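Undergrad: prediction below, plus the sequence it came from.
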Amino acid sequence: MEKGYLALVLHSHLPYVRHPEHEEFLEEDWLYEAITETYIPLINVFDGLVQDGVDFRITMSLTPTLISMLTDPLLQERYLRRISRLIELAEKEIHRTRDQPDFNPLAHMYRDMFKNARYVFEEKYGRNLVGAFRKFLELGKLEIITCAGTHGFLPLMQNRNAVRAQIMTAVRHHEKHLGRPPRGIWLPECGYYDGLDEILKEAGIRYYFTDSHGIFHASPRPKYGVYAPIYSKTGVAAFGRDLESSKQVWSSIEGYPGDANYRDFYRDVGFDVDYDYIRPYLRADGKRVNIGIKYHKITGDTDHKDPYIRQWALEKAAEHAGNFLFNREKQAEWLFDLFKDRKPIIVAPYDAELLGHWWFEGPEWLNFLIRKTALDQKTVRLVTPLEYLHENPRCQVSTPSMSSWGYKGHAEVWLDQPNDWIYRHLHKAADRMIELARSFPGASGLLRRALNQAARELLLAQSSDWAFIMKTGSHVEYAVRMTKEYILDFTRLYDDIKGNRIDEGWLGDIEYRHNVFPDVDYSVYA
């Protein structure tokens, strides 16, 4: 007897990083690595499931900035150049490790993996990975949801119209690329505040996700905790994260990705091999970086790392998938007996980039989990939140508390000493953007171009990724630089528009460099 639902949610997001002014740029690697190690492996998993007739449901966000990068011709061309160089290096690795039986099979594995990535990217899907995910959406297997335009942290924006612009821009961009408006949204950093659901309702959003304490501290307190959604007074549903299923994957101590048999993320040939050998595959500055070819397993907490054994890792991924499913079955059975009047829904959200990039075996774990769920039991069923709402239209009305995920769960990551300086500038720019939108209704020609670019610069400056990077201490110089660049560009556009002295040459340059959302409409701020 079916006793519960399982909603697997993958949040796919990267900050907007595109630098045509440079031949190559370090932070663009975030995209290229994610394509090779996460997005294409997930597409391969979904394709395999469809081919084998295995029914499944997955919810996956594609954030507007990620869609913009995946559909950008310049970044597509640069990815092909990157993957071709990796294939060339893997061929050399096969030769270099010919007398090393522990490593040579792995060199073959990477060569085949990189060749598959190039085939899937260029030949199978014509450089259009968004189209690949859209295929699974149209087959009814994948529910693709949106996010705020540039992943701006909404609770700290203050100005309602700035929040609305983030949401409306995202909805329009999503519909353009996926052929239908989104019905769900991943709130950036799970940041919720009272009143946000009114804007979501206006945008046609039916549901969103919040962290556990946003539901636990809702008013009135929800009867079923995070195991049933709650409706706001506007009729928008909030789904809460299940702590138990999250811990099994996310925990650095108890989570599956830390198993000794899995591939070690930090040991890479970019640092292990002779410098002259690897130099042609480094950037112009010659600094050693992770290449993506890694031959060792986690092994333990010491610096000593044993060779990675792929078969052992796959067996462990299958074991962990079985363990995860067993725990969800027992969890659903206990909750079903407790609730009596409804089947619980267990919401398990993860960053998509965890699977494949950080946890190399993650896509295989997901593949095993989906197949076991479909074929080995009947206690829990994979659903999307929209499917759940169709089957269970009556839910408790309650208002979630202000919340986020991250340290302490109430925005501290995004408002702390390293990053608090940005907000006075973001708030001022948002007020000015609204002033411009209301001062120049129905603009056309050069003025409209300048107003639209001002909207892009503000949206890009508001990305929560910059504040997060400043807090965590990695790539801080880049995050500070981009925040200042976007704010300064916006300020110049504001002054030039107000002073009727728009420099078309300079405007054309930043339109080319900061080209996110080609169809952005500045009037959304009015």
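TA: Looks like it came in fine. In this text, all values refer to a predicted model and were calculated from it rather than measured experimentally.
Undergrad: C-alpha only now, for contacts and for neighbours.
TA: Noted.
Undergrad: please name the nearest non-neighbouring residue to residue 466.
TA: Using Cα to Cα, 6 or more residues apart in numbering and skipping the chain neighbours, the partner closest in space to residue 466 is residue 479 (4.8 Å).
Undergrad: so what's the one you found up against?
TA: Contact analysis of residue 479 by Cα atoms under 8 Å, 6 or more residues apart in numbering lists 465-467, 469-470.
Undergrad: which strand runs longest in the protein?
TA: What stands out as the longest strand in the chain, according to DSSP state E, is strand 4-12.
Undergrad: poorly predicted segments of the stretch 1-150 of the chain, please.
TA: Residue ranges of the stretch 1-150 of the chain with pLDDT under 70: none are present.
Undergrad: would you map the strands across it?
TA: Ranges of strands within the stretch 1-150 of the chain are 4-12, 58-62, 142-147, based on DSSP state E, counting those that start in this stretch.
Undergrad: which one of those lies nearest to residue 295?
TA: strand 4-12 (26.7 Å; Cα to Cα).
Undergrad: other SSEs contacting the closest one?
TA: When contacts are defined as 3 or more Cα pairs under 8 Å, 6 or more residues apart in numbering; DSSP states H and E, strand 4-12 sits against strand 58-62, helix 310-339, strand 345-351, strand 380-382.
Undergrad: reformat those as JSON lines; add distance to residue 219.
TA: Compiled in JSON lines, those are given as follows (distance: least, Cα to Cα, whole Å):
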{"stretch": "strand 58-62", "distance to residue 219": "27"}
{"stretch": "helix 310-339", "distance to residue 219": "20"}
{"stretch": "strand 345-351", "distance to residue 219": "20"}
{"stretch": "strand 380-382", "distance to residue 219": "29"}
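Undergrad: okay, the ones you listed in a markdown table with mean neighbour count next?
TA: Output for the helices and strands packed on strand 4-12, formatted as a markdown table (neighbours: other Cα atoms under 10 Å):
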| stretch | mean neighbour count |
| --- | --- |
| strand 58-62 | 23 |
| helix 310-339 | 18 |
| strand 345-351 | 23 |
| strand 380-382 | 23 |
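Undergrad: now do the same contact list for residue 364.
TA: 45, 314, 317-318.
Undergrad: recalculate using a threshold of 7 Å.
TA: When contacts are counted by Cα atoms under 7 Å, 6 or more residues apart in numbering, residue 364 touches residue 317.
Undergrad: quick check: the gap between it and residue 404.
TA: Using Cα to Cα, to the nearest Å, we find residue 364 at a distance of 30 Å from residue 404.
Undergrad: how about residue 519?
TA: Taking Cα to Cα, one finds residue 519 at 30 Å from residue 404.
Undergrad: these two: which has the busier surroundings?
TA: Neighbour count, other Cα atoms under 10 Å: between residue 519 and residue 404, residue 404 has more, with 27 against 12.
Undergrad: that one and residue 189 touch, don't they?
TA: Yes. Using Cα atoms under 7 Å, residue 404 makes contact with residue 189 at a distance of 5.9 Å.
Undergrad: before we move on, back to that, show me the contacts of residue 479 that map onto helices.
TA: Within the contacts of residue 479, residues falling in helices by DSSP state H are 465-467, 469-470.
Undergrad: closest to residue 498 among these?
TA: Within these, proximity to residue 498 (Cα to Cα) peaks at residue 466, which comes in at 28.5 Å.
Undergrad: check what pLDDT that closest one gets.
TA: pLDDT recorded at residue 466 is 98.
Undergrad: burial count for residue 233?
TA: The number of residues near residue 233, taken as other Cα under 10 Å, comes to 13.
Undergrad: pretty sure residue 369 is in a strand, no?
TA: No. Applying DSSP: H, G, I helix; E, B strand; the rest coil, one finds residue 369 to be helix, outside a strand.
Undergrad: identify the residues contacting it.
TA: Shown in contact with residue 369 (Cα under 7 Å, 6+ apart): 321-322, 325.
Undergrad: got these as TSV, with distance to residue 102 and pLDDT columns?
TA: Shown next, in TSV, are the contacts of residue 369 (distance: Cα to Cα, whole Å; pLDDT from 0 to 100):
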residue	distance to residue 102	pLDDT
321	27	98
322	28	98
325	33	98
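Undergrad: now, which of those residues sits nearest residue 110?
TA: residue 321 (23.9 Å).
Undergrad: which residues does that closest one contact?
TA: 365, 368-369.
Undergrad: quick check: closest non-adjacent residue to it.
TA: The nearest residue in space to residue 321 (Cα to Cα, 6+ apart) is residue 369, at 4.8 Å.
Undergrad: would you mind measuring from the one you found to residue 381?
TA: 12 Å.
Undergrad: quick revisit: name the surrounding residues that touch the longest strand of the chain.
TA: For strand 4-12, with Cα under 7 Å, 6+ apart as the criterion, the contacting residues are 58-63, 332, 343-353, 379-385.
Undergrad: who does it pair up with?
TA: According to DSSP bridges, strand 4-12 forms sheet pairs with strand 58-62 (parallel), strand 345-351 (parallel), strand 380-382 (parallel).
Undergrad: how about those strands in a markdown table, adding distance to residue 523?
TA: Below are these laid out as a markdown table (distance: least, Cα to Cα, whole Å):
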| stretch | distance to residue 523 |
| --- | --- |
| strand 58-62 | 24 |
| strand 345-351 | 33 |
| strand 380-382 | 40 |
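Undergrad: if we can go back for a sec, before we move on, what SS does the residue nearest to residue 466 have?
TA: helix.
Undergrad: now residue 280. Its backbone dihedrals?
TA: Taking degrees, to the nearest 10, you get phi -60, psi -10 for the backbone angles of residue 280.
Undergrad: and the pLDDT at it?
TA: If you check residue 280, the pLDDT there is 95.
Undergrad: just residue 252 next, same as before
TA: On the pLDDT scale, residue 252 is placed at 68.
Undergrad: now the longest strand of the chain: buried residues?
TA: Across strand 4-12, burial judged by 16 or more other Cα atoms under 10 Å covers 4-12.
Undergrad: so how far is it from its chain's centroid?
TA: Chain-centre distance of strand 4-12: 14 Å, with Cα atoms, centre = their mean, to the nearest Å.
Undergrad: likewise stretch 490-500?
TA: Centroid displacement of stretch 490-500 relative to its chain, using Cα atoms, centre = their mean, is 34 Å.
Undergrad: and stretch 385-392, by the same measure?
TA: Stretch 385-392 sits 23 Å away from the centroid of its parent chain (Cα atoms, centre = their mean).
Undergrad: what's it in contact with?
TA: With contact meaning Cα under 7 Å, 6+ apart, stretch 385-392 is reached by residue 7.
Undergrad: let's see it at 10 Å
TA: 5-9, 57-59, 143, 183-184, 206-209, 228-229, 237-239, 342-343, 345, 347, 382, 393, 395 (Cα atoms under 10 Å, 6 or more residues apart in numbering).
Undergrad: repeat for stretch 440-450
TA: Against stretch 440-450 from outside (Cα under 10 Å, 6+ apart): 437, 451-456, 490, 493-494, 496-498, 500-504, 507-508, 511, 520-523, 526.
Undergrad: please check those and keep the buried ones.
TA: Applying 16+ other Cα under 10 Å to the contacts of stretch 440-450 flags 437, 451-456, 490, 493-494, 497, 502, 507, 511, 520-523, 526 as buried.
Undergrad: that'll do, ta.
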